[in-house]
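Novice: Pasting a predicted model and its sequence here:
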Amino acid sequence: MSHKWYGATLFRQKDLKNCHKTGKIMGYNNVTGKRVKHPYNHISLAHKTLKLSDFNLKQCLFGMHLVTITTKLIGLVILVVTHNY
């Protein structure tokens, strides 16, 4: 959970070495479970929220830390919120 907005969720981006790259913060309504889009879209990146001035963004695929050398099949999804654990 993120403290940026009430009900917000942090989707972390971790690479193959389990290093944190950044995170996408998305606001959700705690009653409906839907994203908050009004009065504006509640989406931000963790490094922007933390105001890291010398941050060098190197994004990776969401869930990349779950991939191993023995992984045979990888499914890619369009949206972060469609993931399953």
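Specialist: Sure, I can see it.

Novice: Would you report the backbone torsion angles of Ala46?
Specialist: Backbone dihedrals for Ala46, given as degrees, to the nearest 10, come out at phi -60, psi -40.

Novice: Just the pLDDT at it, thanks.
Specialist: At Ala46, the pLDDT value in this model is 86.

Novice: what ranges do the strands span in the protein?
Specialist: For the chain, the strands defined by DSSP state E occupy 9-14, 20-26, 43-45.

Novice: Same question for the second one: list its buried residues.
Specialist: Just to be clear, that refers to strand 20-26. Judged by neighbour count using 16 or more other CB atoms under 10 Å, the buried positions of strand 20-26 are 21-26. C-betas here are computed from N, CA, C, even on glycine.

Novice: Please identify which of those is nearest to Leu57.
Specialist: Nearest to Leu57 among the buried residues of strand 20-26, counting by CB to CB, is Thr22 at 6.1 Å.
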